[in-house]
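Colleague: have a look; sequence and predicted model below, questions after that.
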Amino acid sequence: MTRVAALRGMWIEIPPGEVPKEFAEWLIERHPLRAADALHLAAAMIWRRRRPRKHTFVCLDGRLADEAGKEGFSAEAM
């Protein structure tokens, strides 16, 4: 929790409004993603303004990392 508290001021949050939800639905049509994973990837794509090249997507799910790689991220599953 100490590490999370230290990082808290460094991240950007994308709230799950209509745009991320619609983008997540579009991602689900393109990739075999679960809803939460699609929202995670949608938020990352919105953050990068749909230009993920040269940016790393980090997650704990190998399948999600694979799909993020297909969208252009350099993806790492921890």
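Modeller: Perfect, thanks for sending it.
Colleague: what about the strands in the chain?
Modeller: In the chain, the strands defined using DSSP state E lie at 56-59, 74-77.
Colleague: reformat those strands as a markdown table; add distance to A36 and mean pLDDT.
Modeller: Placement of C-beta: from N, CA and C, glycine included. What follows is these, written out as a markdown table (distance: least, CB to CB, whole Å; pLDDT from 0 to 100):
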| stretch | distance to A36 | mean pLDDT |
| --- | --- | --- |
| strand 56-59 | 11 | 88 |
| strand 74-77 | 15 | 85 |
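Colleague: quick check: D66 touching A75?
Modeller: Yes - the pair formed by D66 and A75 meets the contact definition of CB atoms under 8 Å, at 7.0 Å.
Colleague: more neighbours: which of the two?
Modeller: A75 (22 against 13; other CB atoms under 10 Å).
Colleague: look up how far G9 lies from that one.
Modeller: Here the criterion is CB to CB, to the nearest Å. By it, A75 lies 25 Å from G9.
Colleague: L27 now?
Modeller: Relative to G9, and taking CB to CB, L27 is found at 29 Å.
Colleague: tally of neighbours for R49?
Modeller: Applying other CB under 10 Å, we find 7 residues neighbouring R49.
Colleague: any idea how far it lies from F23?
Modeller: Distance of R49 to F23, computed by CB to CB: 12 Å.
Colleague: also R48?
Modeller: Taken as CB to CB, the span from R48 to F23 is 12 Å.
Colleague: swap in S74?
Modeller: For S74, the distance to F23 equals 20 Å [CB to CB].
Colleague: more neighbours: those two, which one.
Modeller: Taking neighbours as other CB under 10 Å, S74 and F23 compare with F23 leading, 19 against 14.
Colleague: does that one touch M45 like I think?
Modeller: Yes - the pair F23 and M45 passes the contact test of CB under 8 Å, sitting 6.5 Å apart.
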